[in-house]
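In: Below are the sequence and a predicted model for it; my questions follow.
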Amino acid sequence: MPETIKFMSDGMGNGFPFCLSKFDVTSYFDELSEEYRAYDYWTTLSGYNKDAEGAPTDKQIHDSHKLAMKLFWMVSKFNAPTEASKDTEFEYETTYDLSISSSDTSNLPDWQKPHDEPRTRVCISSPSLLLPSVYDYDGSGGVRIWCNLELTRMYKGATTDEANFIGYGVNQYRGDYQGDSTAFYIRGSADAVATAGVQLHSAGREETYSSLVTERATGYVTISGMHFVADCFAYARNYTDYPGTRTVDVSTASAEAMSPLGYSASAEVSSLEFHPKPTN
């Protein structure tokens with residue numbers, strides 16, 4: 001990895017070259033039910049979460065700020081092995097074995113290349129373009145790593161009262177129908193017969209349930225020293241006398257699905273990598 005060039009930035013006086021969005025972890029408007037509700041899970045990047053007793057310590061808030069700055073200025077790679085395969089007995093069916101392993105700043109398109117090195121990030125207005133989205137498709141099978149990072153200030157109460165400030169995080173996720181996007185999203189799908197996916201954010205709804213064809217779980221996970229809410233899901237179609245298998249594990253941010261007749265998919269968030277600290 002190339003050496004990081006030392007630089008200085010005045011920014012907005014908050015450690016970033018832009019103002020951060022704010023959200024209240026205690027209440028949001030749910031458009032589906034048309035009611036206000038609280039997030040089922042939320043955590044700052046330093047790990048102060050909904051289950052904690054009392055207010056966050058100054059150190060917890062300070063550490064969440066340091067981690068948010070590290071995520072913006074130094075992130076270089078998001079490692080998330082994702083696979084989808086189809087090896088069916090039917091001759092008229094196509095077969096494929098798709099896999100991608102990471103989203104790397106070195107693979108940014110030319111128009112996005114200026115954001116590769118930390119010193120070139122002083123002029124960008126949003127962290128959403130720091131890491132590229134990567135995908136591969138073959139017919140109706142596909143694998144994807146989607147990165148749409150947002151950095152946020154989190155409040156336990158009204159965002160107009162700084163006494164409610166609890167620390168720094170990333171995206172909030174209230175459900176697909178709300179138009180939200182997670183910070184990191186990975187998905188493998190084999191003809192929609194077997195699908196596995198994981199998404200990471202700082203606040204989200206309870207998505208834990210089990211059915212005949214689906215397993216889904218929500219909880220807290222730590223990735224490379226940073227705390228997130230993970231939503232893991234696996235879907236596998238059943239056939240008569242041939243049940244599919246589905247496994248989700250929030251603690252490892254992973255999911256796996258296998259359906260009869262040769263369909264399988266898997267997704268796992270393994271780590272974040274960062275540029276080295278400047279030595280000059």
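Out: Good, I have the coordinates.

In: For the stretch 1-150 of the chain, which residues score under the pLDDT cut-off?
Out: Applying pLDDT under 70 to the stretch 1-150 of the chain picks out residues 1-13, 88-94, 105-116.

In: All the helices of it, residue numbers only.
Out: Counting by DSSP state H, counting those that start in this stretch, the stretch 1-150 of the chain has helices at residues 58-74.

In: count of neighbours near residue 29?
Out: 11 (other CB atoms under 10 Å). Placement of C-beta: from N, CA and C, glycine included.

In: Could you give the number of residues near the nearest residue to it once chain neighbours are set aside?
Out: Take residue 29 and drop its neighbours on the chain: the residue closest to it by CB to CB, 6 or more residues apart in numbering is residue 36, 5.6 Å away. By other CB under 10 Å, the residues close to residue 36 number 10.

In: Residue 36 and residue 27 touch, don't they?
Out: Yes: using CB atoms under 8 Å, residue 36 is in contact with residue 27, at 5.1 Å.

In: quick one on the thing from earlier: mind listing what the residue nearest to residue 29 touches?
Out: Listed by CB atoms under 8 Å, 6 or more residues apart in numbering, the contact set of residue 36 reads 27, 28, 29, 30.

In: ok, 7 Å please
Out: Counting by CB atoms under 7 Å, 6 or more residues apart in numbering, residue 36 touches 27, 28, 29.

In: Please identify which of those residues is nearest to residue 202.
Out: Proximity of those to residue 202 (CB to CB) peaks at residue 28, which lies at 12.9 Å.

In: Relative to residue 205, how far out is residue 236?
Out: Remark: distance between residue 236 and residue 205 (CB to CB, to the nearest Å) = 23 Å.

In: ah, wrong one, I meant residue 54
Out: 25 Å.

In: Of the two, give the one with the bigger neighbour count.
Out: Using other CB under 10 Å as the criterion, residue 54 and residue 205 rank with residue 205 on top: 19 against 6.

In: Make sure the more buried one is actually in contact with residue 42.
Out: No: Residue 205 lies out of contact with residue 42 (CB atoms under 7 Å); the separation is 10.4 Å.

In: how close does residue 241 sit to residue 210?
Out: With CB to CB as the criterion, residue 241 and residue 210 are 21 Å apart.

In: Who has more neighbours out of those two?
Out: Ranked by neighbour count (other CB under 10 Å), residue 241 and residue 210 place residue 210 first, with 11 against 6.

In: Could you check how far the more buried one is from residue 40?
Out: The spacing between residue 210 and residue 40, counted by CB to CB, is 17 Å.

In: repeat for residue 203
Out: According to CB to CB, residue 203 and residue 40 sit 9 Å apart.

In: for residue 159, same thing?
Out: Per CB to CB, residue 159 is found 20 Å from residue 40.

In: Same check on residue 204?
Out: 7 Å.

In: Who has more neighbours out of these two?
Out: A direct count of neighbours by other CB under 10 Å for residue 204 and residue 40 places residue 204 higher, at 25 against 14.

In: Correct me if wrong: that one contacts residue 229.
Out: Yes: assessed by CB under 7 Å, residue 204 is found in contact with residue 229 at 4.7 Å.

In: where do the contact lists of these two overlap?
Out: Residues touching both residue 204 and residue 229 (CB under 7 Å, 6+ apart) are 41, 218.
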